[in-house]
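>>> Fold the following and give me the result.
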Amino acid sequence: MLNRVKQLYLDGKVAVGCYITFPTPAIVDVAANSGLDFVRLDAYHYGFNPETLENIIRATYSYNVTPWLRLRNDPWLIGLVLDMGAQALTIPNCASAEQARAAVAATFYPPLGKREMSRGFRFQGMSGADYREWARTQVILSCMIEGVDGLENYREIIAVEGVDVIQVGLSDLSQSLGVPGEKFDARVLEAEKRVIFTALEAGKQVSVVHPGTPAGEERTLWWIEQGVRIVVMEKEGRILTREYRATAKTLRNEVQPAR
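Down below sits the predicted model:
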């Protein structure tokens, strides 16, 4: 039950995963059979009922794939998914060190945090002391900087003890900077570089999103050269749409039956 992502980046290796929005455990089968190291379930923008979410997390343990949740900064919700077995959390739109410390408090047991003593059925065979040690060493907390407030406070957010990983949300950041939808505007990319390089210099891990295009691949490889060790592919819906669209275009336009 070791956190595969953490094992990889501590060894200096790259962990590769995919954003998941489809509420079905079958997507874990696909991800694992594709050789991915983690799945990041976007429970912030998409609807996962608790039973389905728990079953998706349960499926990840069958493959040693790290279950990573993106969810709001709510102590009850954080505690619930940790009890389900989540091994990594992303807190979207973290705007201040105070918000980052609140996430740390909800994620970790004392003395680092204030998480209530509870654990899911999977961990009942462990002693309380062993489980607390597992939670201390195997759970990853990531804070996502996506707005102008986060940009003003990013150095303080990065410095918060217990924050393991930093992410930058380019879409919301572009909106906050007055260029909505222009993720690769020079102002957005300059802000991203400031945040990521500061995080890397502070010894924190960084996660970036890999758009499945030639330009996206070039961009991702460049960040890996800079020291980024966590890469998440874009949402499976976008990948499927791009592949379906390309195949449908080929079949319609290039393989038309003779009349």
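
>>> what number of residues lie near A135?
For A135, the neighbour count with other CB atoms under 10 Å is 18. Using the backbone N, CA and C atoms, a C-beta is placed for each residue, glycine as well.

>>> measure it to D83 for me?
Separation of A135 from D83 (CB to CB, to the nearest Å) stands at 10 Å.

>>> list residues touching both of the two?
R119 (CB atoms under 8 Å, 6 or more residues apart in numbering).

>>> for the chain, which spans come out with low pLDDT?
254-259 (pLDDT under 70).

>>> can you map out the strands along the protein?
15-20, 38-42, 66-70, 88-91, 140-145, 165-168, 205-210, 230-233 (DSSP state E).

>>> ok, residues contacting the third one?
Which is strand 66-70. Contacts of strand 66-70 (CB under 8 Å, 6+ apart): 3-6, 15, 17, 19, 37-45, 56-57, 60-61, 81, 85-90, 92, 140, 144.

>>> one more time with 7 Å, if that's ok
For strand 66-70, contacts defined as CB atoms under 7 Å, 6 or more residues apart in numbering pick out 3-5, 17, 37-44, 57, 60, 81, 85-90, 92.

>>> How about stretch 79-86, which residues are buried there?
Within stretch 79-86, the residues scored as buried using 16 or more other CB atoms under 10 Å are 80-86.

>>> Only whichever of the contacts of strand 66-70 are buried, select them in ChimeraX.
One line in ChimeraX is enough to select the buried ones among these; burial here means 16+ other CB under 10 Å:
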select :3,4,5,17,37,38,39,40,41,42,43,57,60,81,85,86,87,88,89,90,92
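
>>> returning to what we had before: check the buried residues of stretch 79-86 and tell me the two furthest apart.
Pairwise distances across those (CB to CB) peak at 11.0 Å, for the pair L80 and G85.

>>> which residues are common contacts for the two?
Contacts common to L80 and G85, judged by CB under 7 Å, 6+ apart, are absent.

>>> circling back to that earlier point, could I get the strands of the chain in JSON lines, plus columns for distance to A106?
Converted to JSON lines, those look like this (distance: least, CB to CB, whole Å):
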{"stretch": "strand 15-20", "distance to A106": "22"}
{"stretch": "strand 38-42", "distance to A106": "18"}
{"stretch": "strand 66-70", "distance to A106": "12"}
{"stretch": "strand 88-91", "distance to A106": "9"}
{"stretch": "strand 140-145", "distance to A106": "9"}
{"stretch": "strand 165-168", "distance to A106": "16"}
{"stretch": "strand 205-210", "distance to A106": "20"}
{"stretch": "strand 230-233", "distance to A106": "21"}
